[in-house]
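Novice: predicted structure and sequence below. I'll ask about it afterward.
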Amino acid sequence: MTTTPAPAPTTAPTTVSRRRLIDRIPVVHQVRQSYGVQRFMLVTGLILTLVFVILAIFAPLIAPYGYAQLRDDSGAFGAQEEPSAQHLWGTTVGGYDVLSRVIWGAQTGLFVIVVAVVLSIFLGVLLGLISGYLGGWLDRVLVVIADAIYAFPSLLLAIVMAIVLSGGQSGLVPGVFAAAISLTVVYIPQYFRVIRAETTRIKNEAFVESARVIGASTPRIMFKHVLRNATRTLPLIFTLNSSEAILTLAGLGFLGFGIEPSSAAEWGYDLNKAISDVTSGIWWTALFPGLAIVFVVLGITLVGESLNDLADPRLRGRRSVAASAGLTAQTSVTAGGVIDPPGGLTGLEEPER
Amino acid sequence: MSVADIKDLVVSFASDHGAVKAVDGVSLTVEKGEVLAIVGESGSGKTVTAKTILGLLPETATASGAVVLTRSTGGDVDVVTLSRSQLREVRGTDVAMIFQEPSTALNPVFTVGWQIAEGLRAHERVSGAAAKAKAIDILRQVGIPDPETRVNYYPHQFSGGQKQRIVIAMALVLRPGLIVADEPTTALDVTVQAEILDLLRSLRDDYGTAIVLITHNMGVVADLSDRVAVMYQGKVVEQARTRELFANPQAQYTRDLLAAVPYVGQGRAGAAARLSGRAVGAAAPLVKATDLVIEYPGRLGRGGFRAVDGVSFSIGAGEVLGLVGESGSGKTTIGRSIAGLTKATGGSLDVLGTEMVGFKEREFRKHRVDIGFVFQDPASSFNPLLTIAQCVAEPLIVHRRAGDVASARGRVDELLEAVQLPRSYGDRYPHELSGGQRQRASLARALALQPKLLIADEPTSALDVSVQARVLELFAELQSEFGFACLFISHDLAVVDILADRIAVLYKGKLVEEGTGAEVLGDPKHPYTQRLLASLPVPDPVAQAERRELLRALRAADPVG
């Protein structure tokens, strides 16, 4: 055995112990952390999502007319008017202003997302975690139930809900809840399955066993060690589900089970009414609600993908630390290994997987 | 006559952080019928060099220089400049490869005969019957008993050592002049390793096959090779005949590397000193196993698997017990059951006054303060989303010694310094540390509560030899400083010898021998211990040649096992 003394720690502590305030705000932190393609994806997604949210919240201020407004001081709008200075995106067959309907529609969409996801995510994650970590008969029962629900088409469930809640034709709140509740039922198994699969994998990792040896209580292991590692894919499902929420609401409206135009604006309903317009060359009634759906779904998905990558230090792209090009990677020379390799962290041996 | 001639080879990889040079101006020659060992630590470029010989570099790599192979049909080719189809022609016929992990190198859904024939079909038109005959022939040559039947077996029907023999048969079937063996015995148990090394030696002696042997194990080098090239940071730092290199190493790096290799007999003085230093008290042992049985439940309708079968031992306060055995001997299972990770099913296991057979986690939890555990795999033993400081502070927080990470930071810094990591490493994430550094941090976490008992499950088997030496030294220092008792689990006798006061040898779930290091390693009683000891290659070619004969005699006397 060598008697070489361990190389003295030669570096001054370089890391700051406390990050600046601006770096600790959730999304801002991620944007600053990212670079390259990851940053582009994240920023694009954020802009689209932000526009959507702003439109939803400030719809009364931004929209030139109300969602159910058919006339103003100068008289009725008229049906299927071409885009003009007065109606930038034209009017629908029912005589509503398309631009206003699209903007107000964002509000309904956001409402559905929030209700559906809030209802399902907590229950789904909790059940998945418990089922995966504890296992046993509870796990088997929950998995069978989840599989059974999987087989149930969400749109059909939504239609049933819509009828149950308000006899098919409904106002804003019953319409949104019809979509949200049916989505919740379908989403819970999705969150459940993903979290359960990750949990069963993670609970056999050495670091979980290490926590058990330390004597950490089961809830602490579940929520501190397992949950945080299991939620890596959640932003992705969350965003995909958000977009599915919008699509289901639109689907309901398109099938005629949605919200009355007099109680809220809804993109699916407008698309439904625009079917006949398309064949007669009236493009503006279908195009704008359709684009609204596409951009919102795209924006939310981009944000989810990027956050997913950034949350994991192993997937996160990094700026190169030092110009180590052409240098051989330093391996552990002296017994005990290098304390601070010349190329910074990248000079270290490749991390094991 | 040289089989392969490497001249000024430079290999660079394009990475996210710019170019990384893996091999930097290497020149090597492999003669016919010679075993050239390339040794070095992980990242030294030895595997990249060997893969270049077969043209197996990934697309991100660029190579310059020349690797000239002498073809069996006559003539030379430079592998670096060959096209894909030309490379395919060379592989198998002129140069073949033996991989590290035999269980992944074989395709599980095809019979071994089919897989051997696949190599034949790639190069020549052969009938099914002829290919099979050839496969049977080659299986017999690599020592697979009853090859006529077993040619139709699937890989899972063979043991690990037999699988490696089949991999060697696949490499050998077209009689290449050169075989590249990348850590061919690393995944195998030490007794099986000795047999595979014998087989490789016979390839050289009987068929004149040249072998490029890549390994980090200096014992294997001493056992098999004729010439050694030591690589470090992409360069060959020393090249010499094996005997000369071990007797008289020139480069400083080679000397350090050789000095870091643990050998049996090293720890005897240390153990004696520790023993005399410790007050021999009549205190009750911390761990006492009596006829311990641990069974894993079987599938429905089948009996369970008995991993540990009637084992009795005890660990006194401040004592280091080394538990040695091959894979499947039940050594890890014993360690896990002491920590309450695996349920003991029979006999009695007393840990810190608690009976572990049928224990309740609720009652055992208070004793967890006194138990530390170091896991084998440094890659997965830390929560990847927490910093090192958070991980090391975890036991302190769980047992209410500290309110949060910030208030535990002082103690965490102390611990990190105790394991010789800079304080600033506390802010890094586990994947930003090397294997050895992570294992030291793991030790820091295990010692955070100053446990009475530490269980170390192969803590150094994933590390390079010089890193291992440093970690072991640190371990010994900490043990004498903190005075914890320790169950040290390892497959490596030499490693156990350095640290352990007493050594227990496990074989197929049974304890075959137990005693002090001097007793067990100096004068082994049980035939299995004798074989285990004789199988361990020593980093000294002269002594190793003698040991080989001893092992042969032992094997002849006791062919079982």
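Specialist: Perfect, thanks for sending it.

Novice: only C-alpha atoms from now on, for both contacts and neighbour counts.
Specialist: OK.

Novice: now for A:Pro153, how many residues are close by?
Specialist: 11 (other Cα atoms under 10 Å in any protein chain shown).

Novice: swap that for A:Asp72, please
Specialist: The burial count for A:Asp72: 9, using other Cα under 10 Å.

Novice: what does B:Asp370 give?
Specialist: With other Cα under 10 Å as criterion, B:Asp370 counts 18.

Novice: cool, and B:Lys21?
Specialist: 23.

Novice: go on, A:Pro64?
Specialist: Neighbour tally, A:Pro64, other Cα under 10 Å: 16.

Novice: tell me the SS of it?
Specialist: State at A:Pro64, reduced to three classes by DSSP: H, G, I helix; E, B strand; the rest coil: coil.

Novice: in space, what's closest to it - neighbours in sequence excluded?
Specialist: Of all residues beyond its chain neighbours, the one nearest A:Pro64 is A:Ser100 (6.1 Å), with distances taken as Cα to Cα, 6 or more residues apart in numbering or on different chains.

Novice: then B:Phe13?
Specialist: Closest to B:Phe13 by Cα to Cα, 6+ apart is B:Ala61, at 4.4 Å.

Novice: contacts only, for that neighbour.
Specialist: B:11-14 (Cα atoms under 8 Å, 6 or more residues apart in numbering or on different chains).

Novice: what helix or strand does B:Val26 sit in?
Specialist: Using DSSP states H and E, B:Val26 maps to strand B:18-31.

Novice: hang on, B:Gly316 packs against B:Leu286?
Specialist: Yes: counting by Cα atoms under 8 Å, B:Gly316 does reach B:Leu286; the two are 5.5 Å apart.

Novice: let me know the helix or strand that the residue in the stretch 51-200 of chain A that chain B sits nearest to is in.
Specialist: Across the stretch 51-200 of chain A, the shortest distance to chain B (Cα to the nearest Cα) belongs to A:Thr199, at 13.4 Å. Element membership of A:Thr199 [criterion: DSSP H and E] is helix A:172-202.

Novice: could you do B:Cys486 as well?
Specialist: Secondary structure assigned from DSSP H and E places B:Cys486 in strand B:485-490.

Novice: report the mean confidence score over that strand.
Specialist: Summarised as a single mean, pLDDT over strand B:485-490 is 91.

Novice: not counting its own residues, what contacts that strand?
Specialist: B:315-325, B:331-332, B:335, B:452-459, B:461, B:479, B:496, B:500.

Novice: that older thread, strands - which of the contacts of B:Ala61 land there?
Specialist: B:11-14 (DSSP state E).

Novice: near B:Glu513, how many other residues are there?
Specialist: 19.

Novice: give me the neighbour count for the closest residue to B:Lys235 other than its chain neighbours.
Specialist: Of all residues not flanking B:Lys235 in the chain, B:Asp24 sits nearest, at 5.4 Å (Cα to Cα, 6+ apart). Close neighbours of B:Asp24, defined as other Cα under 10 Å, add up to 22.

Novice: wouldn't B:Asp24 be in contact with B:Val11 here?
Specialist: Yes: shown here, B:Asp24 and B:Val11 form a contact pair, counting by Cα under 8 Å, at 6.7 Å.

Novice: hang on, the earlier thing: among the contacts of strand B:485-490, which are located in strands?
Specialist: In strands, defined here by DSSP E, the members of the contacts of strand B:485-490 are B:315, B:320-324, B:453-457.

Novice: A:Met222 against A:Leu127, yeah?
Specialist: No: taking contacts as Cα under 8 Å, A:Met222 lies outside contact range of A:Leu127: 11.7 Å.

Novice: of all the ones in strands among the contacts of B:Ala61, which comes closest to B:Ala260?
Specialist: B:Val11 (28.6 Å; Cα to Cα).

Novice: chain center to stretch B:537-553, what's the gap?
Specialist: 20 Å (Cα atoms, centre = their mean, to the nearest Å).

Novice: now it: mean pLDDT?
Specialist: Stretch B:537-553 comes out at a mean pLDDT of 85.

Novice: near chain A, which residues of the stretch 401-550 of chain B are found?
Specialist: Applying Cα under 8 Å from any Cα of the partner chain, one finds that the stretch 401-550 of chain B approaches chain A through B:420-424, B:427, B:431-437, B:466-471, B:473.

Novice: just the buried subset of the contacts of strand B:485-490, please.
Specialist: B:315-325, B:331-332, B:335, B:452-459, B:461, B:479, B:496, B:500 (16 or more other Cα atoms under 10 Å in any protein chain shown).

Novice: what's the lengthiest helix in chain A packed up against?
Specialist: If you go by DSSP state H, chain A has its longest helix at helix A:98-134. Other helices and strands packing on helix A:98-134, by 3 or more Cα pairs under 8 Å, 6 or more residues apart in numbering or on different chains; DSSP states H and E, are helix A:37-57, helix A:59-62, helix A:136-150, helix A:172-202, helix A:234-255, helix A:267-279, helix A:284-311.

Novice: tell me the buried residues in it?
Specialist: Buried residues in helix A:98-134 (16+ other Cα under 10 Å): A:98-113, A:115-117, A:119-121, A:123-134.

Novice: and stretch B:112-120, by the same measure?
Specialist: B:112-117, B:119-120.

Novice: average model confidence for it?
Specialist: 90.

Novice: do the same with stretch B:146-153
Specialist: Computed over stretch B:146-153, the average pLDDT equals 90.

Novice: show residues contacting that stretch.
Specialist: Contacts for stretch B:146-153 (Cα under 8 Å, 6+ apart): B:111-114, B:132, B:135-137, B:139-140.

Novice: what's the span of it, first residue to last?
Specialist: 11 Å (Cα to Cα, to the nearest Å).

Novice: in chain B, which helix or strand is least confident?
Specialist: helix B:268-277 (a mean of 64; mean pLDDT, DSSP states H and E).

Novice: check which helices and strands the following helix or strand past that helix is in contact with.
Specialist: From helix B:268-277 onward toward the C-terminus, using DSSP H and E, the following helix or strand is strand B:287-296. Strand B:287-296 sits against strand B:305-315, strand B:346-351, with contacts defined as 3+ Cα pairs under 8 Å, 6+ apart.

Novice: each with direction, which strands does strand B:287-296 pair with?
Specialist: strand B:305-315 (antiparallel), strand B:346-351 (antiparallel) (DSSP bridges).

Novice: now the helices for the stretch 101-250 of chain B?
Specialist: Assigned by DSSP state H, counting those that start in this stretch, the stretch 101-250 of chain B shows helices spanning B:102-105, B:112-123, B:128-141, B:147-150, B:160-172, B:190-202, B:218-224, B:242-247.

Novice: what does the stretch 101-250 of chain A put close to chain B?
Specialist: A:205-217, A:225, A:228-229.

Novice: among these, the buried ones, what's the ChimeraX command?
Specialist: This is how ChimeraX selects the buried members of those, with burial counted by 16+ other Cα under 10 Å:
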select /A:205,206,207,208,209,210,211,212,213,214,215,216,225,229
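
Novice: isn't A:Ala180 up against A:Glu244?
Specialist: No: with contact defined as Cα under 8 Å, A:Ala180 does not reach A:Glu244; the gap is 10.7 Å.

Novice: please identify which of the two sits among more neighbours.
Specialist: The residue with more neighbours, out of A:Ala180 and A:Glu244, is A:Ala180; 29 against 18, by other Cα under 10 Å.

Novice: residues in contact with the more buried one?
Specialist: Contacts of A:Ala180 (Cα under 8 Å, 6+ apart): A:112-113, A:115-116, A:245.

Novice: how about 6 Å then?
Specialist: Residues near A:Ala180 by Cα atoms under 6 Å, 6 or more residues apart in numbering or on different chains: A:112, A:115-116.

Novice: tabulate the residues you listed (a markdown table), appending pLDDT.
Specialist: As requested, the contacts of A:Ala180 are exported to a markdown table (pLDDT from 0 to 100):
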| residue | pLDDT |
| --- | --- |
| A:Val112 | 82 |
| A:Val115 | 85 |
| A:Ala116 | 83 |
